[in-house]
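Asker: Mind folding the following:
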Amino acid sequence: LMLLANLTASDCGAEAMLGKSAKSENSPRIGLNVKRLTRGLVLANQNRSSKEVMMESWKYSASVICNVSKLDEGRKVIAKPEAKILEDLVELLRSDCDVVKAGISGCLRNICSDSELIPRVVLDISGIRSMLECLSDPNSEYSFEEKVALSPSVWSREENGNCKHIIGREAKRNLLEALLLLCEDFDGCDEMKKQGTLFVIRETSKN
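Answerer: Residues are numbered from 1 along each chain as shown. So this is what the prediction gives:
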């Protein structure tokens, strides 16, 4: 998978991974590899008995998916509602693996760069809240009024009974860029205000 991550860094490699070619433009096989990689990541993340071993094997899938999302067709496949890929990817932001977070956050940033797909992030999958949950770490400090504006899952210092994992630099940069792109959309900007995004960004800048 690390080799695939390097190969898909080029548009040609990403198109091959997506399954896109002149002969298969409308083929149902387009995006099948992305679905399989996403499913593998989800199962690895859910495996309680050998989670670390499984994630070590699958973590570079996130990098491959991020590379595919650089393509217009790749973003459309990932954001397709019936595929449920984007929903699974957003859940993987909660992973403890920095490589996975970096890849998934990069994918979200690429999705947010497409104005046609922003409603999927803002309205359909609660993407802003998920990004804020990932950006907010145990060192973040919020006033009572700010906590009222924020979702409890954002300001809580724990996640699934464990202390929140501090986000890596690359994932943090990707998510901040994604939020910046959402500012260009009216609904995105409005939803960010409602969810107290500025409070989280303020705390992020301190760490």
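Asker: and the nearest residue to residue 71 once chain neighbours are set aside, what does it touch?
Answerer: Leaving out its chain neighbours, the residue that sits closest to residue 71 by C-beta to C-beta, 6 or more residues apart in numbering is residue 14, at 5.4 Å. Every residue, glycine included, has its C-beta placed from N, CA and C. Shown in contact with residue 14 (C-beta atoms under 8 Å, 6 or more residues apart in numbering): 8, 67, 68, 70, 71, 74.
Asker: Could you check how far residue 119 is from residue 39?
Answerer: Separation of residue 119 from residue 39 (C-beta to C-beta, to the nearest Å): 25 Å.
Asker: a strand runs through residue 66, doesn't it?
Answerer: No - counting by DSSP: H, G, I helix; E, B strand; the rest coil, residue 66 is located in no strand; its state is helix.
Asker: What score does it have for pLDDT?
Answerer: Predicted confidence (pLDDT) for residue 66: 96.
Asker: what do you get for residue 195?
Answerer: 91.
Asker: Quick check, it in contact with residue 151.
Answerer: Yes - Residue 195 lies in contact with residue 151 (C-beta atoms under 8 Å); the separation is 6.9 Å.
Asker: List the residues that are in contact with both of these two.
Answerer: Common neighbours of residue 195 and residue 151 (C-beta under 8 Å, 6+ apart) are 129, 132.
Asker: Tell me which other helices or strands the host helix or strand of residue 43 touches.
Answerer: In this structure, residue 43 is located in helix 32-46 according to DSSP states H and E. Under the contact criterion of 3 or more C-beta pairs under 8 Å, 6 or more residues apart in numbering; DSSP states H and E, helix 32-46 touches helix 11-18, helix 51-58, helix 61-68, helix 72-79, helix 85-91.
Asker: if we can go back for a sec, separation between the residue nearest to residue 71 and residue 201?
Answerer: 31 Å.
Asker: quick revisit: pick out whichever of the contacts of residue 14 sits closest to residue 169.
Answerer: residue 67 (19.5 Å; C-beta to C-beta).
Asker: Return the residues in contact with the closest one.
Answerer: Residues counted as contacts of residue 67 (C-beta under 8 Å, 6+ apart) are 5, 8, 9, 13, 14, 17.
Asker: Then residue 105?
Answerer: 93, 131, 134, 170, 171, 174, 175, 178.
Asker: Now a PyMOL select for only the buried ones of the residues you listed.
Answerer: What follows is the PyMOL syntax selecting those of those that are buried according to 16 or more other C-beta atoms under 10 Å:
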select buried, resi 93+131+134+171+174+175+178
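Asker: Give me the phi and psi for the closest residue to residue 2 other than its chain neighbours.
Answerer: Sequence neighbours aside, residue 60 is the residue nearest to residue 2 in space, at 4.8 Å (criterion: C-beta to C-beta, 6+ apart). When read as degrees, to the nearest 10, the backbone of residue 60 gives phi -80, psi 0.
Asker: before we move on, back to that, any idea which of the helices and strands packed on helix 32-46 is most buried?
Answerer: helix 61-68 (a mean of 27; mean count of other C-beta atoms under 10 Å).
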